[in-house]
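Chemist: Have a look; sequence and predicted model below, questions after that.
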2 protein chains.
Amino acid sequence: MIDIGDIQLAAQRIAPYVHRTPVMTSRTLNEMFGAELFFKCENLQKVGAFKARGAVNAVMKLDEQQLRAGVITHSSGNHAQALAYAAGLRGISCTIVMPHTAPAVKVAAVRGYGAEITFCEPTQESRIRTMEEIAQRTGAHIIPPYDDDRIMAGQGTVGLELCEQVEGLDLVMAPVGGGGLMGGFATAVRSLQPEARIVGAEPSIAADARESLLTGVLQPPTDRLTIADGLRTGLSDRTFEQLRSTGVEIETATEDSIRRGTLLVMSRLKLVIEPSAGVTIGVLLEQPELARGRRIGIVLCGGNVDLGSLIFG
Amino acid sequence: MIDIGDIQLAAQRIAPYVHRTPVMTSRTLNEMFGAELFFKCENLQKVGAFKARGAVNAVMKLDEQQLRAGVITHSSGNHAQALAYAAGLRGISCTIVMPHTAPAVKVAAVRGYGAEITFCEPTQESRIRTMEEIAQRTGAHIIPPYDDDRIMAGQGTVGLELCEQVEGLDLVMAPVGGGGLMGGFATAVRSLQPEARIVGAEPSIAADARESLLTGVLQPPTDRLTIADGLRTGLSDRTFEQLRSTGVEIETATEDSIRRGTLLVMSRLKLVIEPSAGVTIGVLLEQPELARGRRIGIVLCGGNVDLGSLIFG
């Protein structure tokens, strides 16, 4: 379990290397929901997502011996870029295990940050086996995407900043995938603005975190392919406990609501966000009574989306 | 002709009603161009475009009699929303003449700001005739989209702010349509950072401003349908003179370069921009030597684009 002290230390550690992202508002969205919405813009973070925070925190905590051996992870998403970025800051070697089916743009982005890529089969089993074989052989230190206290503490700095930037929040919202963001975020908010309700947003077709919290038993992720592709992973024991102990509730949004929420943010705030970041607005579109009359902090978790194919066909 | 004094007065007049928009940067774009790029984010301006500045300046200069009669313009673009917004600030009546073919989303946006819409035939002739008939009958004061000193002075505050926010610019760039933005912008920059080169960006299939400045004779707009739909209008005598006297050069970008430039800003800066705002980057993609080694201020003029049809089909 991490606490606010871990998050405050992480904030000091990562401050020189990540952005203190702005909080944006929209008069039109406020009027639409009858609420005051404050958007924490992690799409404007280094590497285009909050993941830079956790990865930098983890890498900055490595000792000399670990630095020499370098770091490794498996990811085809934002964590891959984040770890490559963090490793580059310290000039250490970084290996990313990726399925050979990963989009070329993601491969290029990771290489652009100076990391090595090892391709594997597109299965969870192959990703983990490949990563562990390399780690064993090279001594590289594994930095997982969310099941790690250093990662959670780093992501928690999103909540620390939001609570400093906006006072008197009634409700805060962030998407929930593996729970690394929400674990840290909820810990910060529960400590700094203890009255705020904390609601995680999940696709209704992949609502394993909701089910886990309702039943008290950790549920495996579904294999349903939500467009919020960053949220397909399930909680770990570690993040599950962190969410439970901080009183996180989960609400869901359909795929259509996620699309509409994503589009609404893009068209009104003029910010590019990935569908995983639109799930919170999707929840509010389905349950407007959650919002009405409240001051709400919402984490826009990232902006890495393949616009080329989406926009100009 | 306007001068820096007009722009400074406009800045004071509009300050309570428009955003001092942020300047954003991207390490990746800087590396790609071997330059330092500073993006002035008018897509984050009120109504989603710089047009709010000129319209507010014009409306705030009206006298009591003009205020009672209200204002009118013809536009289906950002000027329509901007004037509706400005009129709403003073609680005066506002009529927008729009072709009946205007997209529903634009009609709704103007109505959302409280303006009345009168529909006309989709020709320039019908727009002007309809507007003038109403103005004659009601006494409403006409506020044109660019051929107006109050409008140019208001748009010029973009340049004033940019020069305050970024020192030592070698080059500044903005798109050129009717010349209202560029007329004011160039006037501010020429006064505050006189060494800076000022380059307007125009679609190569609608390069009437370039032709006008090269030949010294005002050319009519083409009827080619560039995707940079905000730039289809031609200069007026007034804006042409303002561009000439401030030493504006014009460079062009093909439709493909405009698309790529738009996409590049959206994917790297995570900002939604309209294609008219991507033309400057399109120019740099075609002429990278313009950028290399320089400090460049670039106006992202607006972010009003129909994402719904573009993105999720």
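Modeler: Ah, there it is.
Chemist: Those residues of the stretch 1-150 of chain A touching chain B, which are they?
Modeler: A:Pro22, A:Met24, A:Thr28, A:Asn43, A:Leu44, A:Gly48, A:Gly112 (Cβ under 8 Å from any Cβ of the partner chain). The way it works is simple: take the backbone N, C-alpha and C, and place the C-beta from them, glycine included.
Chemist: ok, now with 6 Å
Modeler: Residues of the stretch 1-150 of chain A lying close to chain B (Cβ under 6 Å from any Cβ of the partner chain) are A:Asn43, A:Leu44.
Chemist: Tell me the residue of the stretch 1-150 of chain A that sits nearest chain B?
Modeler: Nearest residue of the stretch 1-150 of chain A to chain B, counting by Cβ to the nearest Cβ: A:Asn43, 4.6 Å away.
Chemist: So that residue: helix, strand or coil?
Modeler: Under DSSP: H, G, I helix; E, B strand; the rest coil, A:Asn43 falls in the helix class.
Chemist: List the residues that contact the spatially most central residue of chain A.
Modeler: Nearest residue to the geometric centre of chain A (Cα atoms, centre = their mean): A:Leu181, 4.8 Å. With contacts defined as Cβ atoms under 6 Å, 6 or more residues apart in numbering or on different chains, A:Leu181 is in contact with A:Phe50, A:Gln155, A:Ala174.
Chemist: Next, format those residues as a markdown table and append pLDDT.
Modeler: As requested, the contacts of A:Leu181 are arranged in a markdown table below (pLDDT from 0 to 100):
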| residue | pLDDT |
| --- | --- |
| A:Phe50 | 98 |
| A:Gln155 | 98 |
| A:Ala174 | 98 |
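Chemist: about what we covered before: name all residues that make contact with the residue of the stretch 1-150 of chain A closest to chain B.
Modeler: Per Cβ under 6 Å, 6+ apart, neighbours of A:Asn43: A:Leu271, A:Ile273, A:Leu300, A:Gly302, A:Gly303, B:Lys270.
Chemist: ok so, going back, can you tell me which of the contacts of A:Leu181 end up in strands?
Modeler: A:Ala174 (DSSP state E).
Chemist: Tell me which other helices or strands the helix ranked longest in chain A touches.
Modeler: Secondary structure of chain A per DSSP state H: the longest helix is helix A:149-165. Counting contacts by 3 or more Cβ pairs under 6 Å, 6 or more residues apart in numbering or on different chains; DSSP states H and E, helix A:149-165 packs against helix A:4-14, helix A:51-60, helix A:180-192.
Chemist: pLDDT weak spots in the stretch 101-250 of chain A?
Modeler: For the stretch 101-250 of chain A, no stretch has pLDDT under 70.
Chemist: Do a quick rundown of the strands in it.
Modeler: A:116-120, A:141-142, A:171-175, A:197-203, A:249-253 (DSSP state E, counting those that start in this stretch).
Chemist: highest average neighbour count across the ones you listed?
Modeler: Scoring those by mean neighbour count under mean count of other Cβ atoms under 10 Å in any protein chain shown gives strand A:171-175 as the most buried, with a mean of 27.
Chemist: Just checking: what are the partner strands of that strand?
Modeler: Paired strands of strand A:171-175, with direction, are strand A:197-203 (parallel), strand A:295-300 (parallel) (DSSP bridges).
Chemist: any idea of the angle it forms with strand A:249-253?
Modeler: 60 degrees (axes from the mean of the first three to the mean of the last three Cα atoms, to 10 degrees).
Chemist: ok, how many other residues are close to A:Asp237?
Modeler: Other residues near A:Asp237 number 9, with proximity taken as other Cβ atoms under 10 Å in any protein chain shown.
Chemist: Grab the nearest non-local neighbour of it.
Modeler: A:Leu218 (6.3 Å; Cβ to Cβ, 6 or more residues apart in numbering or on different chains).
Chemist: and if you look at A:Val107?
Modeler: By the measure of Cβ to Cβ, 6+ apart, the closest residue to A:Val107 outside its immediate chain neighbours is A:Ile117, 6.2 Å from it.
Chemist: Touching, the one you found and A:Thr95? I think so.
Modeler: No: the pair A:Ile117 / A:Thr95 is not scored as a contact, 7.6 Å apart, by Cβ atoms under 6 Å.
Chemist: what angle separates the helix or strand hosting A:Lys40 from helix A:149-165?
Modeler: Here A:Lys40 sits within strand A:36-41, counting by DSSP states H and E. Here strand A:36-41 runs at an angle of 140 degrees relative to helix A:149-165 (the same axes, to 10 degrees).
Chemist: Could you dump the strands paired with strand A:171-175 into CSV and include distance to A:Phe38?
Modeler: Shown next, in CSV, are those (distance: least, Cβ to Cβ, whole Å):
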stretch, distance to A:Phe38
strand A:197-203, 14
strand A:295-300, 5
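Chemist: Out of those strands, which is closest to A:Cys163?
Modeler: Among the strands paired with strand A:171-175, the nearest to A:Cys163 by Cβ to Cβ is strand A:295-300 (8.0 Å).
Chemist: got the angle for the closest one vs helix A:180-192?
Modeler: 150 degrees.
Chemist: Now do the same for strand A:295-300: mean pLDDT, whole number.
Modeler: On average, the pLDDT along strand A:295-300 is 98.
Chemist: contacts for it?
Modeler: Counting by Cβ under 6 Å, 6+ apart, A:35-43, A:158, A:162, A:166, A:168-174, A:273, A:277, A:280 sit against strand A:295-300.
Chemist: I believe A:Ile2 is in a strand; please confirm or correct that.
Modeler: No: counting by three-state DSSP, A:Ile2 is not found in a strand; it is coil.
Chemist: So what's the residue count around it?
Modeler: 21.
Chemist: I'd guessed it sits against A:Ile151; true?
Modeler: No: between A:Ile2 and A:Ile151 there is no contact under Cβ under 6 Å: 9.7 Å.
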